[in-house]
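Undergrad: Kindly generate the corresponding structure for this input.
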Amino acid sequence: MRGPLVVVGDTLLDRDVEGVVNRLCPDSPVPVLDETDHADRPGGAGLAAVFAAAQGAEVALVTALADDAGGARLTALLTAAGVQVYALPLLGATPEKIRLRARGRVLLRHDRGGSAAEPGPPHEAVLRLIAGASAVLVSDYGRGVARQPALRAALAATRAPVVWDPHPRGPAAVPGITLATPNEAEVRELTEVPPGGPRLAAAAWGAQGLRERWRAGAVAVTLGGDGALLCHAGATPLVVSAPVSAEGDTCGAGDRFASAAGIALARGALVSEAVQEAVAEASAYVAGGGVATALPPQVRALPPVVAGGGDQRIGAAAAGAVVAEVRAAGGTVVATGGCFDLLHAGHVATLQAARQLGDCLIVCLNSDASVAGLKGPDRPVVSQGDRSRLLAALGCVDAVLVFDEPTPHAALSWLRPDIWVKGGDYATGGGDEPTLPEAEVLRRWGGHTVVVPYLDGRSTTDLIAAARGGGRAAASTGPRHTGGTPLAPVEQGDVDQPTAEGAR
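TA: Numbering: from 1, shown residues only. Purely as a prediction, here's the structure:
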């Protein structure tokens, strides 16, 4: 594969709530579900991207994300699965689908969240991504991403094979796609297949009509447990039977089919070969237990987004509200991050300098688990609850977002700050310098990195060592910056990795 598999489409937050039913509601004859467990996962295009990444492919997802806790949760889940997230702005709330289940059966599905709306325009980096893809999968859930004009122009212009998984409420595929993958119900609705008649004949009639209307290379109609029917340039459709008879939860089977077809085409497979691989993958997926067992372990085990605990300046909801307000006013979003264990004057100076660069400052704070993973079981000294409250109390901090991952990449992909501030010891001379690890993430939306120096002699490590040794931290010790200007703007990754930690 010469480039990533690029998935384009609408992402939803899916939640499965498992429970037991032992009684009826006293005020209405409906069952009462006592919740025993719940699990979040990306849905829609996000699920297709997770499936592709689990197969070992390099996957980039172009989707719309809202400035709310649901958007933050989705980004964390996708990043944990190894998906590169290229987020477009989405007005309103994250769409959610909640399935209430008992003994493996769905009792009720509760939908809530944002209505369908065209997202904001993509950055140039997104258009370059599509142009350089090995294959593109458009996973349309009828919520607006597939209607975005700049994205449609890029999809029509790419030389990569394009798989289009349509939705009846969505737009027509761009002309010249390689393969469309509707299911039976979708092809009937999209082409108004006459009722009655043999099943395969109806599917073939609809597929041929859709192929001609969209000027598609081929259309594969998925038939559930019976495989798929492939209609291409030849006069006779190809029926691809499922290798195993599978019964079970079919949620996500269409996404598994489409992602498998996209990966096969990216490797250079013929369309007929790609459809055969997709049928085999989707059948094995259902037979193996469906989405409950197919998600990667790192996605299933990801802790929930840390809530604010009642503080209006802490948590994903608080950070999202600040960012949305600043963006709506045309302002500049600034973010920084770190552990901030034992908050000291050096931290405050960095935060004050960062806040001066824009119209709000969001602090991405490593959780207790994240700090322990980075620094060992003796850290942090101060819990995340206290650290976040201390930061939120500073006048230069507008919101604090706590994250569990080792790096802030997921938080950054959701926040999409205009400026990411790093504190550190940086040389200002020329020469080839390695890039910051966050720089590649910021390139996805045109963000920039800025470096502010430490105050001399301020170090959390030294403070802890002095406290444990009974001594006093000297103001003259600790990391020193090497002169130069007090504020050094760095264009997207043109800076050295710090020799000391940016927010210790």
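Undergrad: Could you state which residue of this structure sits nearest its centroid?
TA: residue 75 (3.4 Å; Cα atoms, centre = their mean).
Undergrad: low pLDDT regions in the stretch 301-450 of the chain?
TA: 305-311, 424-435 (pLDDT under 70).
Undergrad: Now do the helices in it.
TA: 316-328, 345-355, 368-375, 384-392, 409-415, 439-442 (DSSP state H, counting those that start in this stretch).
Undergrad: what about residue 25, distance to residue 159?
TA: Distance, residue 25 to residue 159, using Cβ to Cβ, to the nearest Å: 58 Å. C-beta here means a position set from N, CA and C on the backbone, and glycine is covered the same way.
Undergrad: Kindly apply the preceding question to residue 103 instead.
TA: Separation of residue 103 from residue 159 (Cβ to Cβ) stands at 49 Å.
Undergrad: cool, residue 324 as well?
TA: Residue 324 is 37 Å from residue 159, by Cβ to Cβ.
Undergrad: Neighbour count: the two, which is higher?
TA: residue 324 (16 against 8; other Cβ atoms under 10 Å).
Undergrad: Would you quantify the distance from that one to residue 75?
TA: 15 Å.
Undergrad: same deal with residue 6?
TA: For residue 6, the distance to residue 75 - Cβ to Cβ - is 17 Å.
Undergrad: Tell me where the model's unsure across this protein.
TA: In the chain (pLDDT under 70), the answer is 1, 245-246, 305-311, 424-435, 454-504.
Undergrad: can you do 50?
TA: Counting by pLDDT under 50, the chain shows low-confidence ranges at 426-434, 472-504.
Undergrad: Tell me, domain by domain, which residues of it belong where.
TA: 5-299, 316-490 (automatic domain parsing).
Undergrad: So residue 129 versus residue 393, what's the distance?
TA: Here residue 129 is placed at a distance of 40 Å from residue 393 (Cβ to Cβ).
Undergrad: Ok, residue 88 next?
TA: Separation of residue 88 from residue 393 (Cβ to Cβ) stands at 34 Å.
Undergrad: Just want to know which of the two has more residues nearby.
TA: Remark: of residue 88 and residue 393, residue 88 carries more neighbours, 23 against 12, as counted by other Cβ under 10 Å.
Undergrad: what residues are up against the residue lying closest to that one once chain neighbours are set aside?
TA: Closest residue to residue 88 apart from its sequence neighbours, by Cβ to Cβ, 6 or more residues apart in numbering: residue 119 at 4.0 Å. By Cβ atoms under 8 Å, 6 or more residues apart in numbering, the contact set of residue 119 is 64, 88, 89, 90, 91, 144, 145, 148.
Undergrad: Mind putting those into TSV with secondary structure?
TA: Listed next are the contacts of residue 119 as TSV, based on DSSP: H, G, I helix; E, B strand; the rest coil:
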residue	secondary structure
64	strand
88	strand
89	strand
90	strand
91	coil
144	coil
145	helix
148	coil
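Undergrad: Would you mind giving the residues you listed as CSV with distance to residue 302 added?
TA: What follows is the contacts of residue 119, written out as CSV (distance: Cβ to Cβ, whole Å):
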residue, distance to residue 302
64, 21
88, 23
89, 24
90, 21
91, 26
144, 27
145, 24
148, 29
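Undergrad: Specify which member of those residues is nearest to residue 335.
TA: Each of those was scored against residue 335 by Cβ to Cβ, and residue 89 proved nearest at 16.0 Å.
Undergrad: what's the residue lying closest to the closest one once chain neighbours are set aside in contact with, if anything?
TA: Closest residue in space to residue 89, ignoring its immediate chain neighbours: residue 120 at 3.9 Å, by Cβ to Cβ, 6+ apart. Residues near residue 120 by Cβ under 8 Å, 6+ apart: 64, 88, 89, 90.
Undergrad: Quick check: residue 450 touching residue 417?
TA: No - contact status for residue 450 versus residue 417: not in contact, 10.5 Å apart, counting by Cβ atoms under 8 Å.
Undergrad: Between these two, point out the one with more neighbours.
TA: Comparing residue 450 with residue 417 by other Cβ under 10 Å, the one with more neighbours is residue 417, at 26 against 20.
Undergrad: I figured residue 396 hits residue 361, correct?
TA: Yes - using Cβ under 8 Å, residue 396 is in contact with residue 361, at 6.0 Å.
Undergrad: of those two, who's got more company?
TA: residue 361 (27 against 16).
Undergrad: Which strand residues bridge that one?
TA: residue 334 (DSSP bridges).
Undergrad: right, and it touches residue 352 too?
TA: No - the pair residue 361 / residue 352 is not scored as a contact, 9.1 Å apart, by Cβ under 8 Å.
Undergrad: residues shared between the contacts of those two?
TA: residue 396.
Undergrad: Confirm residue 49 sits in a helix?
TA: Yes - counting by three-state DSSP, residue 49 is part of a helix.
Undergrad: and it, how many neighbours?
TA: For residue 49, the number of neighbouring residues by other Cβ under 10 Å comes to 33.
Undergrad: doesn't residue 42 make contact with it?
TA: Yes - using Cβ under 8 Å, residue 49 is in contact with residue 42, at 7.3 Å.
Undergrad: which residues do these two both contact?
TA: 78, 81.
Undergrad: Torsion angles phi and psi at the residue nearest to the centre of the chain?
TA: Main-chain dihedrals, residue 75, degrees, to the nearest 10: phi -60, psi -40.
Undergrad: How much space separates it from residue 278?
TA: As judged by Cβ to Cβ, residue 75 and residue 278 stand 27 Å apart.
Undergrad: OK, contacts around residue 445?
TA: Residue 445 touches 86, 87, 123, 125, 416, counting by Cβ under 8 Å, 6+ apart.
Undergrad: Name the nearest of those residues relative to residue 153.
TA: Minimum separation from residue 153 among those (Cβ to Cβ) is found for residue 123, which lies at 14.4 Å.
Undergrad: Could you pull up the residues touching that closest one?
TA: 86, 444, 445, 446.
Undergrad: Which of those residues has the largest number of neighbours?
TA: For the contacts of residue 123, neighbours tallied by other Cβ under 10 Å; top is residue 86, 25 neighbours.
Undergrad: Pairing partners for it in the sheet, please.
TA: residue 62.
Undergrad: let's number from 55 now, not from 1
TA: Happy to do that; since the first residue is 55 now, the last one works out to residue 140.
Undergrad: That one and residue 115 touch, don't they?
TA: Yes - using Cβ under 8 Å, residue 140 is in contact with residue 115, at 6.6 Å.
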